[in-house]
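In: this is a predicted model, with the sequence first.
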Amino acid sequence: MLKKRSLVVAGHSTSVTLEEEFWVELKRIAALRGQSINQMAAEIDSDRAGNLSSALRVFVLEHLRNEAGKD
């Protein structure tokens, strides 16, 4: 199910729509990094090529792939 949430990225409010599973992972990754989701989204936003929702999904996918590679 898609969930729309508001984020503050680089001082600007924006809304992002992601599946609940991605929100859960973003929260987990942010906690591991000692960051808020807003802080992490700002970093992702600064390097993105597409829309922010897609960039967040790709970030989560890459993070999970890197974690899986550590085994």
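Out: Sure, I can see it. Being a predicted model, the structure only gives us computed values, none of them experimental.
In: for burial, what's the neighbour tally of the residue nearest to S6 when sequence neighbours are not counted?
Out: Spatially, and ignoring its direct neighbours in sequence, S6 is nearest to S15 (5.2 Å; Cβ to Cβ, 6 or more residues apart in numbering). C-beta here means a position set from N, CA and C on the backbone, and glycine is covered the same way. S15 is flanked by 10 other residues according to other Cβ atoms under 10 Å.
In: pLDDT below threshold where in this protein?
Out: 71 (pLDDT under 70).
In: try it again at 80.
Out: 70-71 (pLDDT under 80).
In: which stretches in it count as strands?
Out: 2-9, 12-19 (DSSP state E).
In: out of these, nearest to R33?
Out: strand 2-9 (15.8 Å; Cβ to Cβ).
In: what lines up beside that closest one in the sheet?
Out: Sheet pairing of strand 2-9 (DSSP bridges) gives strand 12-19 (antiparallel).
In: so which residue is smack in the middle of the protein?
Out: L56 (3.9 Å; Cα atoms, centre = their mean).
In: could you double-check that that one sits in contact with E19?
Out: No: contact between L56 and E19 fails when scored by Cβ atoms under 8 Å: they sit 10.5 Å apart.
In: number of nearby residues for the closest residue to V16 other than its chain neighbours?
Out: With sequence-adjacent residues excluded and distances taken as Cβ to Cβ, 6+ apart, V16 is closest to S53, at 5.2 Å. Residues near S53, counting by other Cβ under 10 Å, number 18.
In: so S53 sits right up against T14, yeah?
Out: No: S53 sits out of contact with T14 when judged by Cβ under 8 Å, with a separation of 10.0 Å.
In: so can I have TSV of the strands of the chain showing distance to L26?
Out: Shown next, in TSV, are these (distance: least, Cβ to Cβ, whole Å):
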stretch	distance to L26
strand 2-9	10
strand 12-19	8
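In: nearest to N38, of these?
Out: strand 2-9 (5.0 Å).
In: how about that closest one: buried residues?
Out: 7, 9 (16 or more other Cβ atoms under 10 Å).
In: which other residues reach it?
Out: With contacts defined as Cβ atoms under 8 Å, 6 or more residues apart in numbering, strand 2-9 is touched by 13-20, 23, 37-38, 41-42, 45, 52.
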